[in-house]
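Trainee: coords below, sequence missing:
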C-alpha cells in the first residue's frame, strides 16, 4: 500500500477501494501514512474512516496534523471524534493546541467532562496525574462474580482496560480483581472473597517515572492511582508506562551528552531550537576547558625545554575522559534502574578503585613499551606510565562519585556524564602530568 | 518488614507469623528480600511459602540463589516448583544452571515438556524464539463465544495471558480475539465473526528488539509468534517486551561509552570482568589518540615560537568532542526509536550543518571576545575563532554521518558514539588549528 496508490484512487474518486484498504490497516499505520499525504488528501482520507477508527487514528497523529484536521472539521465531526477519545487523550490534545482550537474543543465537551479535564490538566508535567486515565472499572466489595461480569459487559467498552478492575468500599481502594479471576471463579463468590488485597498503587503527585518502574517491576497491566485518602482517582496503563520509559531514556541520554532534553523528535525540533538546546552546555564546558589551558601556560618552561611533552596531552586527556565516562555511565544507568543507590557509595568506590588499578596498569605497560620502542627513553616511559595510572584512577573515582553525589543532592545524575567528567578530569590529568614531568626531568 | 524481624521470628520458630508476613507480600519483593537472608534461612523461609507463590518467587530470584535452592530441594520439592513454572522461565533457568543441576531439572520434567524446552533452547540468543512463551490460548474459528469462554475457564489458569487469544484454522493463525471481545459479544457468535483478522505477528527468528518495538508501537498486551507457514508457535507478552527494552537501552548506553555490554548487573559483574569490558576500547582509543600527538610533534616549531598556542589545545579538543557527541547521540537515539533511517542521510546532514553554523559562530564570538580581553591579540582571536568554527562544523558532520553509515553497514550505530567521535575529531581539529596558526603567524 503506497502513498501513490492512494493518490491515484483519490484522483479516480474510487473511495470504496480506499475504504477497503483503510479497513485492512492498523490505526497506528494509518496515522503514519496520513502524515505523509498532502493536507487536502489527508483530510479527505480521514473522512472516509469509520467513527471509531477515525478517533483512534486521530490519537496517533502528531499535534500538527491534529490541528489541521480540527480546523477542517465541522462541529458534528469534531464532536464525533471527541466522544470517542479517552479523557487522557483529550487532555493531551488540549495541551498541544492553540487557544482558539482549545476553545472549540471545550465548546463541544459536556460540563462533566470539562471539569474532569480541568483536573487532569492541573497536575504537574511529570506527575502520575498528568498521564493517568480516569476510565477504569470498579466493583463494590459485595458484588458477586456474576454481577461484576454483567457490569463489565455494560461499561467495558468505554474503559481503557477491563483486565484489572478495582474493588472499592465507599471510594476507598481495597483490592484488585483481574478479568482472569472473574472468568475462573464461581459465579456466586463476592469481590471481597476473590480480590487481591495487597494493592500496589501510586498517588497523583508521584513522579510518572516511578509509576512506569512499578509497572515494569511487578509486571502489571495497569497501576491504580489514589489520592491522599486512598480513594481511587485513576489508573496508569502499561502502554503509557512503555512510552514514559522511552521518553525518560531519551531524556537521560540527551542529558548525558550535554544536550538540553526536549519533548520533540529530532526532525520535529527546529534548527534554532536544536542550537539552543546544545549551546548552553557547550559554552559552560568550553569556558571550563580554558582552565586546563591556563594550567598548561603555567608549565610553558617545561614544554619549551622538552617539546615532546606536548604530544602526549591528547592521549592523556582522551584516556582520562573515556575512563571517567565509562564509570559515570555505568553508575548513572545503575541509578536509573534502581540497582545502585547512594547507600552503595563506598562499595562502588572500592569496586571502581580495583577496576581502575587493573585497567591503568595495563594501559601504562602498553604505552611504556610503545614509547621505549619509538623513543628509547626510559624517563619518558616512566613519566607516561605514572601519569596514566594516576589519571585513570582519578578519572574513575570522579566518574563514579559525581553521579552518586548528584543523586544525593536531588539533581539528575545524568548531567554528571561524559562531557562534565571529561572537562574535570582534563584539568586533573594535565596537572598531574606536568608535576611529574617537572620533577622527573628536573625542569 | 525487616530482615532482622524475620531472623528473630526464625530464632523463635514462630513460623506461623512468618507465613502471614509472606502472605502479605508481593512475590517480587519476597524474592528481593530472600536474597538478603543467609543461605540456611533463605531456604527455610522459601519452604514456608505456598506452592504457587514459591514458584512465582523462584522465577524472580537471581540465578545464584536459584541454584542454591535447587541444590537444597528434595526431588518432590523440585518437581513442585517446576510444575508451576511457565516453559519460558524453565528455559531461562536451564540456560543459567551448571550441567549437574540441568540434569536434575530434566529428570524431573516429562518428555513432552523436555522436547518443547529443547526447541526453546535452540533459538539464537537475541531472537524472538528465545523470549517467547508457548502457553497461550487458541480457539478454532468455528467456536462460539460461549464455548470459547468455557475453554478459557478450563485452560486459562495455565496460560501466561488470556487477554489476547488466537484464532486458528488447522495450525494457521487467522485472527485474534481479546477477552474484552468475548465478554461484550453475544454468546452465539463464532470466533470468525468477532475476531480481528489483521494480525501483527513476528517470526521466531526475528530480533527480540523488533518484537518489543512492535508491542510498544501498537500498544499490544501480547504479540503472536509464527513460523514460516504462518502457524502460531508462541507469544511474546508485554512484560517481557519491557524487559527487552530496558536491556537494550543498557546495552546501547554501555556501547555508547565504549564499554563492552554485558548481561549482568553492575554489582553482579566481577572487578576483573569490568576491567575486561572496558579495556579493549580504551586501548584502541588510546593508540589512536597518539596519532593526534604525532601531528602536534609535527608542529613543534610553531608552538616553540608561539607557546601560548599549546594552551588552546584542550579547549578545542573538548569542544570538538562535545559537539560531535551531541550530534551522534541524537542520531543514535533517533535510529533506535526508528525516527531516523539511512534514507534521511542528506536531510540530517543539512540540518546538522545549519545547527553547527549557529553554534560555531556563537562559540567563536564568545571566545574571540574573551581572548581580546585577556590577551589584546587580534591575530589570536581570529585564529581561535576560525579554528572553532571549522572544528564545530567538522565535529557535527562526522557525528551525524558515522552512526548513519554504521547502520547502513549493519553495525550497531551505538559504537559510533562519544569516544570514537572524540578521537576522530581531535585529530581533525588539531590539524586545522595548526594549519591556520602557521599561516596566520607566518611560522
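Mentor: Arrived safely. These numbers were taken from a predicted model, which means no experiment stands behind them.
Trainee: any idea how far residue A:423 is from residue A:335?
Mentor: Using C-beta to C-beta, to the nearest Å, one gets 21 Å for the distance from residue A:335 to residue A:423. All C-beta spots, glycine's among them, are computed from the backbone N, C-alpha and C.
Trainee: Tell me which of these two has more neighbours.
Mentor: Using other C-beta atoms under 10 Å in any protein chain shown as the criterion, residue A:335 and residue A:423 rank with residue A:423 on top: 26 against 22.
Trainee: what sits against the more buried one?
Mentor: Applying C-beta atoms under 8 Å, 6 or more residues apart in numbering or on different chains to residue A:423 gives the contacts A:285, A:288-289, A:292, B:318.
Trainee: Mind telling me what element residue A:67 is part of?
Mentor: helix A:63-72 (DSSP states H and E).
Trainee: contacting residues around residue A:99?
Mentor: Counting by C-beta under 8 Å, 6+ apart, residue A:99 makes contact with nothing.
Trainee: so what's the backbone phi/psi at it?
Mentor: As for residue A:99, its main-chain torsions (degrees, to the nearest 10) stand at phi -50, psi -40.
Trainee: Residue A:412 now?
Mentor: According to degrees, to the nearest 10, residue A:412 has phi -70, psi 120.
Trainee: That one: neighbour count?
Mentor: Neighbour tally, residue A:412, other C-beta under 10 Å: 18.
Trainee: separation between the nearest residue to it once chain neighbours are set aside and residue B:329?
Mentor: Closest residue to residue A:412 apart from its sequence neighbours, by C-beta to C-beta, 6 or more residues apart in numbering or on different chains: residue A:255 at 6.1 Å. Noted for residue A:255: a distance of 10 Å to residue B:329, by C-beta to C-beta.
Trainee: Between the two, tell me which one has more neighbours.
Mentor: residue B:329 (25 against 19).
Trainee: Where does the prediction get shaky in chain A?
Mentor: A:1-2 (pLDDT under 70).
Trainee: ok, the residue nearest to residue A:412 to chain B distance?
Mentor: 10 Å (C-beta to the nearest C-beta, to the nearest Å).
Trainee: hang on, isn't that residue packed against residue A:413?
Mentor: No: if you go by C-beta atoms under 8 Å, residue A:255 and residue A:413 don't touch, sitting 9.1 Å apart.
Trainee: what does the stretch 51-200 of chain A have sitting close to chain B?
Mentor: A:149, A:152-153, A:156-157, A:162-163, A:179-180, A:183-184, A:198, A:200 (C-beta under 8 Å from any C-beta of the partner chain).
Trainee: Select only the buried ones of these in PyMOL?
Mentor: The following PyMOL line selects those of these that are buried, judged by 16 or more other C-beta atoms under 10 Å in any protein chain shown:
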select buried, chain A and resi 149+152+156+162+163+179+180+183+184+200
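Trainee: which one of the residues of the stretch 51-200 of chain A next to chain B is nearest residue A:41?
Mentor: residue A:157 (31.9 Å; C-beta to C-beta).
Trainee: Wait, a strand at the closest one?
Mentor: No: using DSSP: H, G, I helix; E, B strand; the rest coil, the assignment for residue A:157 is helix, not a strand.
Trainee: Excluding chain neighbours, what is closest to it?
Mentor: Nearest to residue A:157 is residue B:184, by C-beta to C-beta, 6+ apart, at 5.9 Å.
Trainee: ditto for residue A:101
Mentor: Per C-beta to C-beta, 6+ apart, closest to residue A:101 is residue A:70, 5.4 Å.
Trainee: for the one you found, what are its contacts?
Mentor: So residue A:70 contacts A:78, A:97, A:101, A:104-105 (C-beta under 8 Å, 6+ apart).
Trainee: go with 10 Å
Mentor: Contact partners of residue A:70, counting by C-beta atoms under 10 Å, 6 or more residues apart in numbering or on different chains, are A:58, A:77-78, A:81-82, A:93, A:97, A:100-102, A:104-105, A:108.
Trainee: quick one: which of those is nearest chain B?
Mentor: residue A:58 (14.8 Å; C-beta to the nearest C-beta).
Trainee: So which residues of the stretch 1-150 of chain A form helices?
Mentor: Assigned by DSSP state H, counting those that start in this stretch, the stretch 1-150 of chain A shows helices spanning A:3-11, A:15-23, A:27-34, A:39-47, A:51-60, A:63-72, A:75-84, A:87-96, A:99-107, A:111-121, A:145-155.
Trainee: CSV for the ones you listed, including distance to residue A:188?
Mentor: Formatted as CSV, those follow (distance: least, C-beta to C-beta, whole Å):
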stretch, distance to residue A:188
helix A:3-11, 55
helix A:15-23, 43
helix A:27-34, 40
helix A:39-47, 49
helix A:51-60, 36
helix A:63-72, 48
helix A:75-84, 36
helix A:87-96, 35
helix A:99-107, 46
helix A:111-121, 35
helix A:145-155, 7
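Trainee: where does residue A:167 fall, phi/psi-wise?
Mentor: According to degrees, to the nearest 10, residue A:167 has phi -100, psi 130.
Trainee: which residues touch the closest residue to it other than its chain neighbours?
Mentor: Once flanking residues are discounted, residue A:167 sits nearest to residue A:175: 4.0 Å by C-beta to C-beta, 6+ apart. The contact partners of residue A:175, by C-beta under 10 Å, 6+ apart, come to A:139, A:141, A:165-169, A:191-192, A:194-199.
Trainee: Can I take it that residue A:175 is in a helix?
Mentor: No: according to three-state DSSP, the state of residue A:175 is strand, so it is not within a helix.
Trainee: Okay, strands next: where are they in chain A?
Mentor: A:138-140, A:164-169, A:172-178, A:202-203, A:222-226, A:232-237 (DSSP state E).
Trainee: Pull out the buried positions in the longest one.
Mentor: This points to strand A:172-178. The neighbour-count check on strand A:172-178 (16+ other C-beta under 10 Å) flags A:173-178 as buried.
Trainee: Can you tell me which of these lies closest to chain B?
Mentor: residue A:178 (9.0 Å).
Trainee: is that closest one in a bridge, and if so with what?
Mentor: residue A:164 (DSSP bridges).
Trainee: Now for it: which residues touch it?
Mentor: A:162-165, A:184, A:194-196, A:221-222, B:162-163, B:179.
Trainee: My read is that residue A:65 contacts residue A:35, right?
Mentor: Yes: if you go by C-beta atoms under 10 Å, residue A:65 and residue A:35 touch, sitting 5.6 Å apart.
Trainee: neighbour count winner among those two?
Mentor: Just comparing residue A:65 and residue A:35: by other C-beta under 10 Å the higher neighbour count belongs to residue A:65, 19 against 13.
Trainee: Pull up the gap between the residue nearest the centre of chain A and residue A:254, please.
Mentor: For chain A, the residue nearest the mean C-alpha position is residue A:248 (1.3 Å; C-alpha atoms, centre = their mean). Using C-beta to C-beta, residue A:248 is found at 11 Å from residue A:254.
Trainee: Next: residue A:137.
Mentor: With C-beta to C-beta as the criterion, residue A:137 and residue A:254 are 38 Å apart.
Trainee: got the contact list for whatever residue of the stretch 1-150 of chain A ends up closest to chain B?
Mentor: Going by C-beta to the nearest C-beta, chain B is nearest to residue A:28 of the stretch 1-150 of chain A, at 5.4 Å. Contacts here follow C-beta under 10 Å, 6+ apart; on that basis residue A:28 touches A:56-57, A:59-60, B:200, B:214, B:217-219.
Trainee: same check, this time on residue A:241
Mentor: Taking C-beta under 10 Å, 6+ apart, one finds A:131, A:208-209, A:211-216, A:220-223, B:238, B:242 in contact with residue A:241.
Trainee: Among those, which are located in helices?
Mentor: A:208-209, A:211-216, B:238, B:242 (DSSP state H).
Trainee: Residue A:339: which of the residues you listed is nearest?
Mentor: residue A:213 (11.9 Å).
Trainee: does that closest one really touch residue A:337, like I thought?
Mentor: Yes: at 8.3 Å, residue A:213 counts as touching residue A:337 under the criterion of C-beta under 10 Å.
Trainee: quick one: common contacting residues for these two?
Mentor: residue B:246.
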